[in-house]
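sequence unknown, structure follows:
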């Protein structure tokens, strides 16, 4: 702790204008309290380009020795969202950040520096996957995104794939070892077919394509018909985007009527 105070040696190095740093803190047992302390001391006025916080306890319930108000991911997200953020690579693999993924997703929408992000082995589930998929629609810098082993099912994978198509720099998407189901599998295949000259390497090794996701309520193959979709929901917004893309690409389809009711289409 002492080394990270404003006058401490680590803090001085982080602010050295002639220094670019990689900070690896794997398997250190770091909790939200210490991550918050670390991020607050580092701030945004630094030359840290690579931060590895993998295999820690970020996101786990606070112990009796910690403040329940401490949220390390919230502090980290505030730095990522800052216009002066220079962080290029971030690993949060093997933590428990699923309850705060929305904070990271909102930060990614504003970030203009991160190129590599590893969120593997965090149990994000559909809720976390959808939030990050929605963020890809607005992020402009990510090149590599690792979301392996995160309990991602069809609903979140459809949302992620839709965002991946619109994320201009993305070249590597790791979805390995997730129960992506049939709709997720079809979404990945469709992505590869329509990419053209933009190549994205999508890893679906070890995925389960036959798992049923009851929350994936819209069949992307059932374009013909009447659909009511809420544009506030990342999954339904992704479905709407896919439907419009299919209609624009295939002359057999036409939009017969469309009405906007609040945030529903």
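Received, thanks. Given the structure is predicted, the values throughout are model-derived calculations rather than measurements.

Run through the residues that contact residue 53.
Applying Cβ atoms under 8 Å, 6 or more residues apart in numbering, we find residue 53 in contact with 25, 26, 30, 35, 90, 91, 92, 95. For glycine as for every other residue, the C-beta is placed from the backbone atoms N, C-alpha and C.

Please repeat the previous calculation with a cut-off of 10 Å.
Contacts for residue 53 (Cβ atoms under 10 Å, 6 or more residues apart in numbering) come out as 23-26, 28, 30, 35, 38-39, 72-73, 76, 90-95, 97, 118.

cool, residue 111 as well?
Counted by Cβ under 10 Å, 6+ apart, residue 111 has contacts 77, 79-83, 85, 87, 90, 104, 117, 135, 138-142.

and with 7 Å instead?
80, 81, 85, 139, 141 (Cβ atoms under 7 Å, 6 or more residues apart in numbering).

measure it to residue 23 for me?
18 Å (Cβ to Cβ, to the nearest Å).

From the contacts of residue 111, which land in helices?
residue 80 (DSSP state H).

between the contacts of residue 111, which is nearest residue 161?
Residue 161 lies nearest to residue 139 out of those, by Cβ to Cβ, at 14.6 Å.

what comes up buried for stretch 105-116?
By neighbour count with 16 or more other Cβ atoms under 10 Å, stretch 105-116 contains the buried residues 105, 106, 107, 108, 111, 113, 114, 115, 116.

thought residue 169 was touching residue 145?
No: Residue 169 is not in contact with residue 145 according to Cβ atoms under 7 Å; the separation is 10.4 Å.

about what we covered before: now, of the contacts of residue 53, which are buried?
With burial judged by 16+ other Cβ under 10 Å, the buried subset of the contacts of residue 53 is 23, 25, 30, 35, 38-39, 72-73, 76, 90-95, 97, 118.

List the ones among those residues that fall in strands.
If you go by DSSP state E, these have 23, 90, 91, 118 in strands.

List the backbone torsions phi and psi for the nearest residue to the first one once chain neighbours are set aside.
Looking back up the chat, that one is residue 23. In this structure, residue 23 finds its nearest non-sequential neighbour in residue 51, 5.3 Å apart by Cβ to Cβ, 6 or more residues apart in numbering. When read as degrees, to the nearest 10, the backbone of residue 51 gives phi -130, psi 120.

just residue 50 next, same as before
The phi/psi pair for residue 50 (degrees, to the nearest 10) reads phi -140, psi 120.

check contacts around it.
22, 23, 88, 89.

Quick check, the third one in contact with residue 47.
It refers to residue 88. No: Residue 88 is beyond contact range of residue 47, at 11.0 Å (criterion: Cβ under 7 Å).

Of those two, which one has the most company?
Using other Cβ atoms under 10 Å, the more surrounded residue of residue 88 and residue 47 is residue 88, with 17 against 14.

For the more buried one, give me its contacts.
Counting by Cβ under 7 Å, 6+ apart, residue 88 touches 49, 50, 113, 114, 115, 116.

Closest one to residue 236 out of the residues you listed, please.
Among those, residue 114 lies closest to residue 236 (Cβ to Cβ), at 26.9 Å.

pLDDT score for the closest one?
Note for residue 114: predicted pLDDT of 97.

I'd like to know how far residue 210 sits from residue 183.
Separation of residue 210 from residue 183 (Cβ to Cβ): 11 Å.

Show me what residue 89 is bridged to.
residue 50, residue 116 (DSSP bridges).

Cool, thanks, talk later.
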